[in-house]
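Chemist: Could you work out the structure for the sequence below:
(one chain, ligands or ions: 1)
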Amino acid sequence: MSIQWFPGHMTKARRQIQEKLKLIDVAIELLDARLPMSSRNPMINDILHNKPRLIVMNKSDLADPDMNARWLKLFRCEGHAAIAVDASTGSNVSQIPVEARKLLEEKIQRQIAKGMKPRPVRALIVGIPNVGKSTLINKLAGRSVAATGDRPGVTKGQQWIRVGTEMELLDTPGILWPKFEDQEVGYRLAATGAIREEILNVEDIAFYALKYLASQYWDRLAERYSLEQPPVDMDNPDEILNIMEDIGRKRGCLMGGGRIDLEKASGIILRELRAGKMGRITLEEPYSFMVE
Ligand code: GDP
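Modeler: Coordinates of the predicted model:
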């Protein structure tokens, strides 16, 4: 299920998260490692305010390992605690309680010094739809507690899930809206399947993805679809379109009169990209944001 984010929904989602923030010590900001900036809520700093925060880049199994390292470095340079995980297999997920506790270490040491017995760190997972919140909650819980699918308007009783001895996690995540105002962000989100295709034209999304792949991951693209020549001018739309047609031809996406069915070809390209068939790909690079 996909959410239609109207201003009223955003206000409601924000209020719900702010209510939950009162109950917790650490916010776990879940991002998609393939697009760590575009999968970020535009008002996150404002919403989380001074709450200690752990940035968790999920789906790192689908993202470029070199880029994962560079993004982590950037977040850490900005003063955030940040790790990369794969919630579907659970890889590195055990680091989450460890890192969450580290963020509160001073407070915990003060409590110990006063003779108090520190309670487990209380945490909340926040993130945009489809980033893997429910998958991660279930993985941390070691069982199925969070239903996948997003319903920001529905509130149910929330419960604490015990994660080892160190952490307690709210079983309902905070659901945040993605950025809408920037069209490039929209294409990146759609290319990974984070927002529904119907909002944008499937051929436009595939065109955007192809252009990026041709400039950043030409070898992978060429190998997957047996392409011969990289475009001479990446900014020439005809050259990108030629690649799309070439892929369509090779995959039998034909219409009457020998024309290529670009919609079908686009669907294939996007499906294969999302499934990792071209290898591990990251759709945005850290340096393009560093100057902001
Ligand atoms: P939510 O909307 O944020 O709760 O996202 P879900 O937990 O429902 O996950 C959305 C989709 O992403 C599901 O198909 C998951 O199987 C998939 N997914 C979640 N985490 C990962 C991950 O780390 N790696 C991969 N490859 N897929 C993931």
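Chemist: pLDDT score for residue 144?
Modeler: pLDDT, residue 144: 86.
Chemist: quick one, what contacts the closest residue to it other than its chain neighbours?
Modeler: With sequence-adjacent residues excluded and distances taken as Cβ to Cβ, 6 or more residues apart in numbering, residue 144 is closest to residue 138, at 5.2 Å. The way it works is simple: take the backbone N, C-alpha and C, and place the C-beta from them, glycine included. Applying Cβ atoms under 8 Å, 6 or more residues apart in numbering to residue 138 gives the contacts 144, 145, 146.
Chemist: and the gap between residue 138 and residue 93?
Modeler: As judged by Cβ to Cβ, to the nearest Å, residue 138 and residue 93 stand 10 Å apart.
Chemist: And residue 31, by the same measure?
Modeler: 15 Å.
Chemist: Between those two, tell me which one has more neighbours.
Modeler: For residue 31 versus residue 93, neighbours defined as other Cβ atoms under 10 Å are more numerous around residue 31 (27 against 20).
Chemist: what sits against the nearest residue to residue 55 once chain neighbours are set aside?
Modeler: Among residues not flanking residue 55 along the chain, residue 82 sits closest, at 4.0 Å (Cβ to Cβ, 6+ apart). Going by Cβ under 8 Å, 6+ apart, residue 82 touches 54, 55, 56, 57, 71, 72, 75, 76.
Chemist: go on, residue 220?
Modeler: When the contact criterion is Cβ under 8 Å, 6+ apart, the partners of residue 220 are 213, 278, 279, 281.
Chemist: Does the last one touch residue 61 like I think?
Modeler: No - between residue 281 and residue 61 no contact is recorded; they are 11.5 Å apart, counting by Cβ atoms under 8 Å.
Chemist: What count of nearby residues applies to residue 90?
Modeler: 15.
Chemist: now swap in residue 235 and tell me
Modeler: For residue 235, the neighbour count with other Cβ under 10 Å is 9.
Chemist: roughly how far apart are it and the ligand?
Modeler: Distance, residue 235 to the ligand, using Cβ to the nearest ligand atom, to the nearest Å: 32 Å.
Chemist: What is the burial count for residue 78?
Modeler: Residue 78, neighbours per other Cβ under 10 Å, totals 10.
Chemist: contacting residues around it?
Modeler: Residues near residue 78 by Cβ under 8 Å, 6+ apart: none.
Chemist: mind checking pLDDT for it?
Modeler: Listed pLDDT for residue 78 reads 92.
Chemist: please begin residue numbering at 33 from this point
Modeler: Sure thing, new numbering starts at 33, so read that last one as residue 110.
Chemist: and it, what are its phi and psi?
Modeler: The phi/psi pair for residue 110 (degrees, to the nearest 10) reads phi -80, psi 0.
Chemist: Pull the most distant pair out of the contacts of residue 252.
Modeler: Using Cβ to Cβ, the contacts of residue 252 span at most 10.4 Å, a distance reached by 245 and 311.
Chemist: For this structure, which segments are assigned as strands?
Modeler: For the chain, applying DSSP state E gives strands covering 58-64, 85-90, 113-116, 153-159, 192-195, 199-202, 206-207.
Chemist: Residue 252 versus the residue nearest the centre of the chain, what's the distance?
Modeler: Centroid check for the chain by Cα atoms, centre = their mean gives residue 64 as the closest residue, at 1.8 Å. Separation of residue 64 from residue 252 (Cβ to Cβ) stands at 19 Å.
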